[in-house]
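Asks: predicted model and sequence below, questions to follow.
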Amino acid sequence: MLQVIIIGGGLAGLLTAILLGRAGISTLVIEKKTYPFHRVCGEYISNEVTPYLQSIGLYPKEFYPPKINRLQISSSRGNINEIALPMGGFGISRFRLDHFWYLKALESGVKFELDCSASSFHYENGITKVQTKQGTFEAQVVIGAFGKRSSMDKYLNRPFMKKRSGYVGIKYHIKHPWDPGLIALHGFKNGYCGISMVEEEKLNLCYLSDRSNLRVHGDIDTLEKNVLHKNPYLAPIMASAERLFSKPLVINEISFTSKQVVENHMLMTGDAAGMITPLCGNGMAMAIHSAKILAPIVTRFFQRRSYTRVQMEEHYKKEWQSKFSHRLLAGRYLQRLFHHELAAEFLVYSTCIPQLAQWMVRQTHGEQI
Ligand SMILES: Cc1cc2nc3c(=O)[nH]c(=O)nc-3n(C[C@H](O)[C@H](O)[C@H](O)COP(=O)(O)OP(=O)(O)OC[C@H]3O[C@@H](n4cnc5c(N)ncnc54)[C@H](O)[C@@H]3O)c2cc1C
């Protein structure tokens, strides 16, 4: 029997798998897609995790990710400001990064079931059975790394699945002249759009919009022309850029409400444990950080007889809350502010006071790990 099954092979699932594999824990990742594939994501990774990734050989240096250290922020009324990002980050597509880590996971002895969706699970007497169309898999510990919204959330009847969430996320890769050190955040009515560079001088253009925008304007093209193009900084880029995808990637029903970190003995990591608003630009860093916390706790469970399942679960919950609760809350407030036109104007103005701007960044970011 396996020691660990991880449901979901995004950054949180892959990193946890690599760390467990390297510790000699038999690990299977069940992932519903096949690598490499594109995801809706702004693809800016905070340097909060860069030294850690370098130290464990997972920084994707072979793709020469651009280093990003300045934030440009604009409102739909045309106010604009630029601030330094003291910690900064780098840009890399999920297409490249997830595939790179998938190969590293294979090297670490991790097994994969790809194109395989987990539909339910059952825990009894220290063993969990995970059901998929391809069969049933058994392990002593099961980790939920299935991201922001999954059939597993539905199966678990998690409270946030009962409420309709108001946001849609849309992403393209584009080609357009750009300063590699810059990440832009352009506001529009009920949403915001990020632009930053990833590998090979491609740009990621990714926006989060209130679902009502799409309902009113009918389709993505009309939404962009009628709403996003009202921002005078965004309009010329969107109108003249070369689009590298035949059609945009879209995800619906994005929810930022709080979640349980452990449910029915399943240890949640990454967005499955709690999702920070993309405005903060550090959901991936959080996914990486949560895997860094989780893997040694699970390893200890297998190495020390005296460390019980209850202790493992309580220890993880406590660590997770102490590292992430504050920034999730701060992110929620910031998201609400940026979604109101007047409040967004105020936010852009407030970044003219460097101390205030840096304070806001600090509320949603952690220390370097
Ligand atoms: C619009 C938008 C922009 C963003 N921009 C940024 C940004 O610029 N910077 C940043 O740091 N963060 C950003 N984020 C957040 C970031 O994308 C997430 O925080 C991060 O991807 C979380 O990683 P994860 O491993 O938890 O989940 P994911 O990367 O979503 O991985 C979950 C995996 O689980 C799989 N899965 C789901 N259900 C099942 C199942 N039942 N069985 C098997 N597999 C399953 C999925 O296929 C997926 O591969 C953004 C998010 C959004 C929505």
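Replies: Alright, I've got the coordinates.
Asks: and residue 186, which helix or strand is it part of?
Replies: Using DSSP states H and E, residue 186 maps to strand 182-188.
Asks: so what secondary structure elements neighbour the lengthiest helix in the chain?
Replies: Longest helix in the chain, counting residues (DSSP state H): helix 309-338. With contacts taken as 3 or more C-beta pairs under 8 Å, 6 or more residues apart in numbering; DSSP states H and E, helix 309-338 sits against strand 262-263, strand 266-268, helix 283-303, helix 341-350, helix 354-364. No exception for glycine: its C-beta is placed from N, CA and C like everyone else's.
Asks: just to revisit the earlier point, what's in contact with the strand holding residue 186?
Replies: Strand 182-188 has contacts (C-beta atoms under 8 Å, 6 or more residues apart in numbering) with 44, 68, 70-76, 82, 85, 89, 91, 192-197, 207, 209, 227-228, 230-231, 233-234, 279, 281, 338, 341, 344, 348.
Asks: which of those fall within strands?
Replies: 44, 68, 70-74, 82, 85, 89, 91, 192-197, 207, 209 (DSSP state E).
Asks: if we check the ligand, which of those residues are in contact?
Replies: residue 44 (C-beta under 6 Å from any ligand atom).
Asks: just the buried residues of the ones in strands among the contacts of strand 182-188.
Replies: Buried by 16 or more other C-beta atoms under 10 Å: 44, 68, 71-74, 85, 89, 91, 192-197, 207, 209, out of the ones in strands among the contacts of strand 182-188.
Asks: how confident was the prediction at the residue nearest to residue 357 when sequence neighbours are not counted?
Replies: Once flanking residues are discounted, residue 357 sits nearest to residue 351: 4.2 Å by C-beta to C-beta, 6 or more residues apart in numbering. As predicted, residue 351 sits at a pLDDT of 72.
Asks: what do you get for residue 76?
Replies: 85.
Asks: distance of it from the ligand?
Replies: In this view, residue 76 and the ligand are 18 Å apart by C-beta to the nearest ligand atom, to the nearest Å.
Asks: now do that residue: how many residues are near it, please.
Replies: Residue 76: 23 surrounding residues under other C-beta atoms under 10 Å.
Asks: which residues touch it?
Replies: By C-beta under 8 Å, 6+ apart, residue 76 lies in contact with 187, 188, 189, 230, 231, 341, 344.
Asks: I'd like to know how far the nearest residue to residue 321 once chain neighbours are set aside sits from residue 151.
Replies: In space, residue 321 comes closest to residue 261 once its chain neighbours are excluded; the distance is 7.2 Å by C-beta to C-beta, 6+ apart. In this view, residue 261 and residue 151 are 20 Å apart by C-beta to C-beta, to the nearest Å.
Asks: kindly report the same for residue 175.
Replies: 36 Å.
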